[in-house]
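**Student:** Predicted model and sequence below, questions to follow.
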Amino acid sequence: MQINVGKTKVMIFGDSGDEAKVSIHGVDLENVTSYKYLGIQLDQRLNYNMQTDYAVGKAKRALAKVCSSIKGRQGVSVPIAIQLYKSLIRPHLEYALPVWASLSEQDTKKLDLAQTQSFKRLIGAKAHSSSAAVEVICGILPM
């Protein structure tokens, strides 16, 4: 097996701001502070704020695609909305969650907000509708 020097990066985990000088076949490898590996955003402190933002962004883009196929602001029936959410939106929020599940309360709130916004748009609820009421109607627990 050969190492692709162009794709190989170096990252030191921890609080130190040190950089490692690593070279392979005379080529110095790039030092990075964050890197996307197997769809997970990693940073030096294994702080998953970037991963949370990335997952929420992907879920919102998926929601926009789903909503573009729904006629106007009427929404769809609750069972169909749940199926659409579970199959097209939630996988983006849960991808590799056991790896990055040590979230701060702020990041958990971001995931909850993305979930409730998705349901509100899918069932055609008003933006100021109670999040708890929408979760009860849809029968989905908070993240």
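**Tutor:** All right, it came through fine.
**Student:** So which bits of stretch 86-99 are buried?
**Tutor:** Leu88, Ile89, Arg90, His92, Leu93, Tyr95 (16 or more other Cβ atoms under 10 Å). The way it works is simple: take the backbone N, C-alpha and C, and place the C-beta from them, glycine included.
**Student:** how deep is the residue nearest to Ser77 when sequence neighbours are not counted tucked in, by neighbour count?
**Tutor:** Of all residues not flanking Ser77 in the chain, Ile123 sits nearest, at 8.0 Å (Cβ to Cβ, 6 or more residues apart in numbering). Ile123: 21 surrounding residues under other Cβ atoms under 10 Å.
**Student:** Could you single out the nearest of the buried residues of stretch 86-99 to Val10?
**Tutor:** Among those, Tyr95 lies closest to Val10 (Cβ to Cβ), at 25.4 Å.
**Student:** Now the closest one. Nearest residue, chain neighbours left out?
**Tutor:** Sequence neighbours aside, Gly39 is the residue nearest to Tyr95 in space, at 6.1 Å (criterion: Cβ to Cβ, 6+ apart).
**Student:** can you map out the helices along the chain?
**Tutor:** Along the chain, the segments classed as helices by DSSP state H run 49-69, 78-84, 90-94, 97-100, 105-123, 131-138.
**Student:** Let's test this: name the helix or strand in this structure with the lowest mean pLDDT.
**Tutor:** The helix or strand of the chain with the poorest confidence is helix 97-100; it has a mean of 83 (mean pLDDT, DSSP states H and E).
**Student:** check contacts around the residue most central in space within the chain.
**Tutor:** Closest to where the C-alpha atoms of the chain average out (Cα atoms, centre = their mean) is Ala55, at 1.0 Å. Listed by Cβ atoms under 8 Å, 6 or more residues apart in numbering, the contact partners of Ala55 are His92, Leu93, Tyr95, Leu111.
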